[in-house]
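Undergrad: Take this sequence and fold it.
(one chain, ligands or ions: 2)
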Amino acid sequence: MADQNYDYDVLVIGAGPGGYVAAIRAAQLGLKTACAESRETLGGTCLNVGCIPSKAMLHASEFYDAAANGAMAAMGIETSPKLNLDTMHAQRRDAVKGLTGGIEFLFKKNKVDWKKGHATFQDAHTVKVGDETVTAKNIIIATGSSVTPLPGVEVDNDKHVVVDSTGALELPKVPKKMVVIGGGVIGLELGSVWNRLGAEVIVVEFLDKLLPGMDDDVRKEAAKIFKKQGMELRLSTKVTGCTVKGKKATLTLEPSAGGDEETLEADCVLVSIGRRPNTEGLGLDTIGLEVNKRGQIETDHDFRTAVDGVWAIGDVVPGPMLAHKAEDEGIACAENIAGQTGIVNHDVIPGVVYTWPEFAGVGLTQEEAIEKMGGDKTKVKIGKFPMMANSRAKTNHEPDGFVKIIAEAESDRVLGVWAIASVAGTMIAQAAQAMEFGATSEDIAYTCHAHPTHSEAIKEAAMAVQGKPIHI
Ligand code: FAD
Ligand code: NAD
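TA: Ligands and ions are numbered 1, 2, ... in the order given. The predicted model follows:
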């Protein structure tokens, strides 16, 4: 029952994985709830233009690649694949339609009112959504993030020449030559899609390694794997400008540390240099809520902002910009509003890059673990196991990758797990759960794992922490 002074107990702004999950949990807990969303469909970046459509294209292009590159022929299946890009796009749109419609169904089922339109604060308990004024005792900001622009490189998704991730999902034909600016998650996932479908892909990365934030061994291996797949990597290089003439883009590049300029032509340029929080037009000034230097809204552990009654979760607050992190924060925030104890353990948030193979990790990198131990390398133990020695990966012709477990030497407690494997994204769940339960590497080593599975590599890496793996 809503507080008589307000229309709702909870109003959530933004229906991405953070916002829609918070709204559903709040309603489940008996709070009268509404959710404002300016997009035509629910589900936010993740369902509309992020996780889901990118995985639809990755999955489909993986099949095409397996047929085209001889991987299927090696298993006795001879095909000469023909790409029907329109059908590939149609199945992507279908997946998005089904899942965004599913959230609409869940809102109805849980009696969450969808307020359609852009929300702007009038005061800390009042928001204008389109022509409607809505009041709520608690307001959760879950407005997510958008593409970070690169000065001098203007994105125009409709022309299909210089695009961001949304435009790169919608290309009407396979570009001959694609330059990806930024060798992070989006660049490598969407670069992989078009590489598999036949584009020549060049990745320009400012840093000296791909995939910032991941363990160094994983980052080094990533460069080898993507090169082997035919991508050209231009590391320690920055893009300084871009001109477009008709259907061609000309980029100017120079070494990150400065030096001679060169030019590079492309039919398509993907700008994927990160994302930034959405706070513009939200009226934060009106309620006296400031953002930090990175444009994020800071909260306490309960997801309360500095303004009473206003909460924030997901990409708009600090932490990794990941859908599952946003979802968990949404649940915890709603539970805190309802007077329960909602907690998110930010030390155990897995991250996955859904390329082939997949790159996954949870917890600390080796470098971070050593730093945590005051720089003393002897206080950290490492166990590593190659996928080449895993029976299932070997049988499936998937030799690339490894599992690496980082444990504290004294207590044997697992501090981080990193995996490169065809199904690393699925494998990492057991590592996250083990870490959540405070497992030691010995706990994992003595847990029976089904054979033959890729997950046995996690068990073997745990055994390797003790110096006793069986299969290497
Ligand atoms: P969002 O999903 O961004 O949702 C915020 C919503 O708020 C939007 O729908 C927006 O329209 C709405 N909004 C904003 N301001 C207002 C306002 N003032 N009034 C009303 N509505 C408003 N993460 C993963 O974990 N796994 C993946 O595989 C993955 N793949 C990705 C692929 C791509 C190409 C991209 C771009 C991102 C991907 N991500 C992935 C990241 C993931 O999409 C985000 O971390 C996640 O969507 C964040 O959720 P959120 O609820 O905080 O915000
Ligand atoms: P990112 O931070 O992962 O990678 C951006 C890369 O661009 C970095 O390697 C950075 O060094 C580089 N860069 C920055 N400026 C540059 C410049 N001027 N020239 C060349 N390189 C430059 O960002 P992203 O790939 O855009 O992804 C954004 C967010 O979306 C990420 O935070 C990620 O968490 C999320 N996302 C997640 C998934 C997933 O979970 N599978 C998939 C896609 C996106």
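
Undergrad: Might you enumerate the residues of the stretch 101-250 of the chain proximal to ligand 1?
TA: Counting by Cβ under 6 Å from any ligand atom, the stretch 101-250 of the chain comes close to ligand 1 at 118-119, 142-145, 165, 186. Heads up, the C-betas are built off the backbone N, CA and C, glycines and all.

Undergrad: and the closest residue to Ala15 other than its chain neighbours, what is it in contact with?
TA: Leaving out its chain neighbours, the residue that sits closest to Ala15 by Cβ to Cβ, 6 or more residues apart in numbering is Glu37, at 3.8 Å. Taking Cβ atoms under 8 Å, 6 or more residues apart in numbering, we find Glu37 in contact with 14-15, 19, 44, 114-116.

Undergrad: Next up, phi/psi of Glu37, please.
TA: Dihedral pair for Glu37: phi -140, psi 130, per degrees, to the nearest 10.

Undergrad: where's it relative to ligand 1, distance?
TA: 5 Å (Cβ to the nearest ligand atom, to the nearest Å).

Undergrad: Bridged to that residue, which residues?
TA: Beta-bridge pairing for Glu37 (DSSP bridges): Lys116.

Undergrad: Model confidence at it, what's the number?
TA: As predicted, Glu37 sits at a pLDDT of 98.

Undergrad: likewise the one 3 residues further on?
TA: Taken from the predicted model, the pLDDT recorded for Glu40 is 97.

Undergrad: Can you classify it as helix, strand or coil?
TA: coil (DSSP: H, G, I helix; E, B strand; the rest coil).

Undergrad: How about Lys137?
TA: In terms of secondary structure, Lys137 is strand; the call rests on three-state DSSP.

Undergrad: Gly30: neighbour count?
TA: 10 (other Cβ atoms under 10 Å).

Undergrad: Report the mean per-residue pLDDT for the lengthiest helix in the chain.
TA: Longest helix of the chain, by residue count under DSSP state H: helix 85-109. Average pLDDT, helix 85-109: 98.

Undergrad: and Leu31, that one's in a strand?
TA: No. Using three-state DSSP, the assignment for Leu31 is coil, not a strand.

Undergrad: From ligand 2, how far off is the closest residue in space to it that isn't next to it in sequence?
TA: Excluding its sequence neighbours, the residue lying closest to Leu31 (Cβ to Cβ, 6+ apart) is Asp9, at 3.9 Å. Between Asp9 and ligand 2 the distance is 31 Å, computed by Cβ to the nearest ligand atom.

Undergrad: so Asp9 makes contact with Lys137?
TA: Yes. Shown here, Asp9 and Lys137 form a contact pair, counting by Cβ atoms under 8 Å, at 5.4 Å.

Undergrad: okay, the two: which has more neighbours?
TA: For Asp9 versus Lys137, neighbours defined as other Cβ under 10 Å are more numerous around Asp9 (21 against 18).

Undergrad: For the more buried one, give me its contacts.
TA: Taking Cβ under 8 Å, 6+ apart as the contact definition, Asp9 lies against 2-3, 26, 31-33, 136-138, 337.

Undergrad: Any residue of the helix or strand containing Val21 touching ligand 2?
TA: Per DSSP states H and E, Val21 falls inside helix 17-28. No. Judged by Cβ under 6 Å from any ligand atom, helix 17-28 stays clear of ligand 2, getting no closer than 11.5 Å.

Undergrad: repeat for stretch 301-318
TA: No. Judged by Cβ under 6 Å from any ligand atom, stretch 301-318 and ligand 2 are separated, with a smallest distance of 8.1 Å.

Undergrad: May I have the distance across that stretch, first residue to last?
TA: Counting by Cα to Cα, to the nearest Å, you get 11 Å between the two ends of stretch 301-318.

Undergrad: Would you point out which residue is most central in this protein?
TA: Leu322 (4.5 Å; Cα atoms, centre = their mean).

Undergrad: Quick check, that residue in contact with Val353.
TA: No. Between Leu322 and Val353 there is no contact under Cβ under 8 Å: 11.3 Å.

Undergrad: how about the strands in the stretch 101-250 of the chain?
TA: 113-116, 119-123, 126-129, 132-141, 145-147, 162-163, 177-181, 200-204, 232-234, 237-245, 248-255 (DSSP state E, counting those that start in this stretch).

Undergrad: now the ones you listed as JSON lines including mean pLDDT?
TA: As requested, those are exported to JSON lines (pLDDT from 0 to 100):
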{"stretch": "strand 113-116", "mean pLDDT": "98"}
{"stretch": "strand 119-123", "mean pLDDT": "98"}
{"stretch": "strand 126-129", "mean pLDDT": "98"}
{"stretch": "strand 132-141", "mean pLDDT": "98"}
{"stretch": "strand 145-147", "mean pLDDT": "98"}
{"stretch": "strand 162-163", "mean pLDDT": "98"}
{"stretch": "strand 177-181", "mean pLDDT": "98"}
{"stretch": "strand 200-204", "mean pLDDT": "98"}
{"stretch": "strand 232-234", "mean pLDDT": "98"}
{"stretch": "strand 237-245", "mean pLDDT": "97"}
{"stretch": "strand 248-255", "mean pLDDT": "97"}
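
Undergrad: and of these, who's closest to Arg413?
TA: strand 145-147 (33.1 Å; Cβ to Cβ).

Undergrad: contacting residues for the residue nearest to Gly183 when sequence neighbours are not counted?
TA: Of all residues not flanking Gly183 in the chain, Glu205 sits nearest, at 3.4 Å (Cβ to Cβ, 6+ apart). Counting by Cβ under 8 Å, 6+ apart, Glu205 touches 182-183, 187, 233-237.

Undergrad: Show me the subset of those residues that also lies near ligand 2.
TA: 182-183, 187.

Undergrad: ok, those residues vs ligand 1, which is closest?
TA: Gly187 (10.1 Å; Cβ to the nearest ligand atom).

Undergrad: Okay, strands next: where are they in the stretch 251-400 of the chain?
TA: With DSSP E, counting those that start in this stretch as the criterion, the stretch 251-400 of the chain has strands spanning 262-266, 268-271, 275-277, 310-312, 351-353, 358-363, 380-386.

Undergrad: Point out the most buried one among these.
TA: Stretch with highest mean neighbour count among the strands of the stretch 251-400 of the chain: strand 268-271 (a mean of 27; mean count of other Cβ atoms under 10 Å).

Undergrad: Direction included, what does that strand pair against?
TA: According to DSSP bridges, strand 268-271 forms sheet pairs with strand 162-163 (parallel), strand 177-181 (parallel).

Undergrad: would you turn the ones you listed into CSV with mean neighbour count and distance to Val153?
TA: Compiled in CSV, these are given as follows (neighbours: other Cβ atoms under 10 Å; distance: least, Cβ to Cβ, whole Å):
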stretch, mean neighbour count, distance to Val153
strand 162-163, 24, 6
strand 177-181, 25, 7
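
Undergrad: Same list (those strands) but as JSON lines, adding distance to Gly416.
TA: Formatted as JSON lines, these follow (distance: least, Cβ to Cβ, whole Å):
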{"stretch": "strand 162-163", "distance to Gly416": "35"}
{"stretch": "strand 177-181", "distance to Gly416": "28"}
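
Undergrad: closest one to ligand 2 among the ones you listed?
TA: strand 177-181 (5.1 Å).
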